[in-house]
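Enquirer: Dropping the sequence and predicted coords here.
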Amino acid sequence: MSTHSLSRFALLLSLFAAAAPTVSAQTAVAPYRPGLTAEGITYHLPLTGLHLTVQTRCRHYVPGEYAAYARALLDRKDVMLNAFDTWTLEGVKVDAFGTPDSTAAYTIRLDHRTSAPLVTLSPEGLLLAVNAEATQPATLSQPGVRTIATPTLNADRYKTPDMLRAGSTARRAELAAAEIFDIRENRNQLIKGQADFNPKDGEQLKTMLTQLDEREKALTSLFVGTYTEEERTFTFDYLPRRTEQGRVLFRFSKYLGIVDPDDAAGMPVTLTVEDLQNIRPAYDDGKPKKKKEQEDLRYRVPGEAKVRIALGDETLYETNIPMAQFGRTEHLGGTLFNKKFNTKVWLSPTTGNVEKIELDQTDK
């Protein structure tokens, strides 16, 4: 719901409230229950989730047309006959985000005597601001594929007429190998100045050598194959409810890339979340809450967690992140929102903590 539509909704609610007697001059905030949404604007406090962005690189190998003859004709013993992929894990980044806590929903009841008719919510219903406009949460990264441009030569352009007329693959491979050896011999003669046609200057020599190199590279690819590369981005969302120790998020294989957590083909990529317990829990004396306190605006005091992501024993990412679920819920006094004060409050969509308060006393 946009700020504009919320403002209009709040105005209608204020007009409705003006026709009914009220006993409170402040904004009333109560735990949400179905059936009370018509009385005000319902908001949620967040839980803090982890958005993982995993960067990988995949190198594709395609064998050459004459790969089976590379050893016999070119003495290349390392040529693979079947296509395969080689994956590398380039890095991991973690972004925290807020998601509504279904157990922490409250309704702001509005009447004609309240000074808090403007409420800004995120599309998910997280409270972003009261009496002020707020920027919506940033968009999280998405999965994607980016091809890495690699210079490739079309080997068919360099096939000789004899190669094109040959009746078998073996014969075409022999002619291609013979052409490669001729190119190497011509290059040596050019460098030594013994060619039938010698270049007139250094620039022409450079051009001729470049053309020979391209031709040899293209024909050699018919035996050794070609490689292409691409960068692939994977994303994972995880919502820690408690301390986690070595939870397997996915596995990573050199030849398969990212695979399922239970696929033994890859090494485990694990998540560890340690609650640093730097926030004391809220004190509860067991007494019933006062009505005034029940009507206050709620916010979070986030705790801090150490987040570590590892591939086997290798640490890929480690940092401390504020998290709502490891903290406690507090309240802002309802007296801040009456005719005497024009109070503006901004809250974090990720942790629910108060980021900024502006308090102006009115003349009324």
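Expert: Yes, it's here. Numbers count the residues shown, from 1 in each chain.

Enquirer: next one: the lengthiest strand in the chain to chain centre, how far?
Expert: If you go by DSSP state E, the chain has its longest strand at strand 84-109. Put simply, strand 84-109 sits 9 Å off its chain's centre (Cα atoms, centre = their mean, to the nearest Å).

Enquirer: Just the mean pLDDT for whichever helix or strand comes after that strand, thanks.
Expert: Downstream of strand 84-109, the first helix or strand assigned by DSSP states H and E is strand 119-121. Strand 119-121 shows a mean pLDDT of 87.

Enquirer: List the neighbouring strands of strand 119-121 plus their orientation.
Expert: Sheet pairing of strand 119-121 (DSSP bridges) gives strand 127-130 (antiparallel).

Enquirer: looking at it, Glu355 is touching Leu347, isn't it?
Expert: Yes: applying Cβ atoms under 8 Å, one finds Glu355 in contact with Leu347, separated by 6.4 Å. For glycine as for every other residue, the C-beta is placed from the backbone atoms N, C-alpha and C.

Enquirer: more neighbours, these two?
Expert: More crowded of Glu355 and Leu347, by other Cβ atoms under 10 Å: Leu347, with 26 against 15.

Enquirer: How about the contacts made by the more buried one?
Expert: Applying Cβ atoms under 8 Å, 6 or more residues apart in numbering to Leu347 gives the contacts Leu126, Leu127, Leu128, Ala129, Tyr299, Asn353, Val354, Glu355.

Enquirer: Which one of these is nearest to Gln325?
Expert: Nearest to Gln325 among the contacts of Leu347 is Asn353, at 12.7 Å by Cβ to Cβ.

Enquirer: Need phi/psi at that closest one.
Expert: Main-chain dihedrals, Asn353, degrees, to the nearest 10: phi -80, psi 160.

Enquirer: ok, it - contacts?
Expert: Each residue near Asn353 by Cβ under 8 Å, 6+ apart is listed here: Tyr299, Arg300, Val301, Pro302, Pro322, Ala324, Gly327, Leu347.

Enquirer: Show me what the helix or strand harbouring Arg232 is packed against.
Expert: Following DSSP H and E, the helix or strand that holds Arg232 is strand 226-238. Helices and strands touching strand 226-238, as assessed by 3 or more Cβ pairs under 8 Å, 6 or more residues apart in numbering; DSSP states H and E, comprise strand 40-62, strand 144-148, strand 244-253.

Enquirer: The same query, at a cut-off of 10 Å, please.
Expert: Judged by 3 or more Cβ pairs under 10 Å, 6 or more residues apart in numbering; DSSP states H and E, the packing partners of strand 226-238 are strand 40-62, strand 84-109, strand 144-148, strand 244-253, strand 257-259, strand 267-275.

Enquirer: just to revisit the earlier point, just the contacts of Asn353: which are in helices?
Expert: Residues of the contacts of Asn353 located in helices (DSSP state H): none.

Enquirer: Just among the residues you listed, which is most surrounded?
Expert: Arg300 (29 neighbours).

Enquirer: quick one: contacts for the nearest residue in space to that one that is not next to it in sequence?
Expert: Leaving aside its chain neighbours, Arg300 sits nearest to Gly352 (3.3 Å; criterion: Cβ to Cβ, 6 or more residues apart in numbering). By Cβ atoms under 10 Å, 6 or more residues apart in numbering, the residues touching Gly352 are 43-48, 98, 101, 104, 126-127, 298-302, 324-325, 327, 329-330.
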